[in-house]
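Asks: turn this into a structure:
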Amino acid sequence: MRLIKVYCLAFVTLMMVNIPATAESVLHQILSSGVLQAGTTGDFYPFSKRDTATNSYEGFDIDVLTELAKDMDVEIEFVATDWKTLVAGVVAGNYVITGSAGIQAKRMKAAGYSDSYMSVVVKAYTTEDHISRFDSWDSINQSDVKVATTLGTTFEKNAENWFPNSQLTKIEAPARGYQEVLAGRSEVFITSNVEGGTLLSKYPNLREIPVDGRNPTPLAMLVPQADQVWINYVNHWIKMKEAKGFFAATASKYGL
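Replies: From the prediction side, this is the model:
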């Protein structure tokens, strides 16, 4: 009997040696450092807009992430990023959460997502002098139509799939596709109905092409894929703030 106990103890000891140590969650790192680092592009108003003169940010995402840091009793640090390196920044640990990003299967291969708190659709826009040319998605997908889009965004892949016959111009961030259209170098750009509405009110020359919204996409925040402790914290926080009306009130503030 004593020999069996010795063998059992040796087996348990061996198993314990081979069990890898659990990595510390970024949640505990944030609480320890007192700083929440959040990646944001600063070029997607009303979600995130960077003031280059003061290096400050404003928008829906900025309010949400600031509120998250406040509830964690830590400081918020916004880390500048762009759309094509948004996921890479999470994977590399440059930041532990991002502003709103469309949920994509490609992104899910490398990064995790929070629960979604909003959805958008994609619409098409042009300028007043070109609006008479377009009355459908097919009218955009023509060889003599120039479509502008921004590298690394969900709209880049949409434009590739929807307009194979068009002349597609891909712009390097922080420049945006709509700026190419406003400058007269392209005729059409696509973006979310949310950003599109903001751009229409800001630039009187822009027009919404009368087409149905495409590609309904839930928005969520990117987080490290394997850190379930941090993912759970963020998801429970989202549910709590939704129940208290925070997301609805913040969305209303920015006309979302």
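
Asks: just the buried residues of stretch 23-35, please?
Replies: Judged by neighbour count (16 or more other C-beta atoms under 10 Å), stretch 23-35 contains these buried residues: 25-27, 29-30, 35. C-beta here means a position set from N, CA and C on the backbone, and glycine is covered the same way.

Asks: what's the mean pLDDT across that stretch?
Replies: Averaged over stretch 23-35, pLDDT sits at 95.

Asks: which element is the residue most central in space within the chain on?
Replies: Closest to where the C-alpha atoms of the chain average out (C-alpha atoms, centre = their mean) is Ala101, at 1.7 Å. Assigned by DSSP states H and E, Ala101 belongs to strand 100-102.

Asks: contacts for the next helix or strand along the chain from that strand, please.
Replies: Remark: after strand 100-102, the chain's next helix or strand is helix 105-108, criterion DSSP H and E. Contacts of helix 105-108 with the rest of the structure, by C-beta atoms under 8 Å, 6 or more residues apart in numbering, involve 86-87, 101, 113, 222.

Asks: elements contacting the helix or strand that comes right after helix 105-108?
Replies: Next helix or strand after helix 105-108 toward the C-terminus (DSSP H and E): strand 112-113. If contacts are counted by 3 or more C-beta pairs under 8 Å, 6 or more residues apart in numbering; DSSP states H and E, strand 112-113 sits against strand 214-223.

Asks: quick one: mean pLDDT for the strand it packs on?
Replies: pLDDT averaged over strand 214-223 gives 94.

Asks: now do stretch 56-64
Replies: Mean predicted lDDT for stretch 56-64 stands at 96.

Asks: check stretch 135-153 too.
Replies: What stretch 135-153 shows for mean pLDDT is 95.

Asks: who's in contact with Asn215?
Replies: 121-122, 154, 158.

Asks: kindly report the same for Lys84.
Replies: By C-beta under 8 Å, 6+ apart, Lys84 lies in contact with 151-152, 173.

Asks: do you know how far the residue nearest to the centre of the chain is from Phe78?
Replies: Computed as C-beta to C-beta, to the nearest Å, the Ala101 to Phe78 distance reads 15 Å.

Asks: with Ala173 instead?
Replies: Distance of Ala173 to Phe78, given as C-beta to C-beta: 16 Å.
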